[in-house]
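Peer 1: prediction below, plus the sequence it came from.
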Amino acid sequence: MNLEEHIEKIVESHGAFFYGTESLKDDGETIYRVYITAKGGVNLDMCSDIAKELSPFFDVHPPLSDGYYLEVSSPGIERRLLKPRQFKHSVGEMVKLKIKGGDKPEGELIEANYEGISIKIQKDDEVKSYLYSDILQARTYYDWNR
């Protein structure tokens with residue numbers, strides 16, 4: 001098992017979905033951030049419980065070669081979609097895409113598999129399908145006007 005598979009196993013044991021990781025510098029400090037989502041949302045207790053279980057695992061299998069601070073958090077209501085499993089987990093949510101050739105469709109993500117996605121275009125309810133190889137950028141978004 002690779003590092004992400006171990007993280008995923010720990011996260012899922014707490015009833016959450018492992019969304020991804022990020023390492024960044026903030027005010028000179030390195031932060032290793034583990035993103036999680038869950039049906040009904042993520043709360044502070046869930047993040048804390050997962051961090052407490054990840055911390056000793058990372059002591060034995062460090063995710064970075066230098067020192068870091070571990071954070072476990074939600075990626076937020078509006079987040080990037082990069083991997084097929086992130087798309088699959090986001091079915092039913094609103095998405096904005098940038099497609100090769102310049103198209104920028106927006107709509108509800110209605111299907112996702114390991115080859116591509118289908119969305120119901122917001123403007124006309126037409127269903128369009130896209131291969132992952134044609135998607136340059138994808139994000140979920142919340143329609144604040146609903």
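Peer 2: Sure thing, it's come through.
Peer 1: check the residue nearest in space to the middle of the chain and give its pLDDT.
Peer 2: What sits nearest the mean C-alpha location of the chain, by C-alpha atoms, centre = their mean, is residue 19, with 3.8 Å. Model confidence at residue 19, expressed as pLDDT, equals 94.
Peer 1: cool, residue 10 as well?
Peer 2: Looking at residue 10, its pLDDT reads 97.
Peer 1: again, but for residue 41
Peer 2: 88.
Peer 1: next: residue 123.
Peer 2: What the model reports as pLDDT for residue 123 is 84.
Peer 1: contacts only, for it.
Peer 2: 106-107 (C-beta atoms under 8 Å, 6 or more residues apart in numbering). Yep, even glycine has a C-beta here, placed from its N, CA and C like the rest.
Peer 1: where exactly do the helices run in the protein?
Peer 2: With helices called from DSSP state H, the chain shows them at 3-12, 44-60, 84-89.
Peer 1: distance between stretch 19-29 and the chain's centre?
Peer 2: Mean-position distance between stretch 19-29 and its chain equals 15 Å (C-alpha atoms, centre = their mean, to the nearest Å).
Peer 1: quick one: contacts of it?
Peer 2: 4, 7, 30-37, 63-64, 68-69, 75, 79, 82-83, 86, 89.
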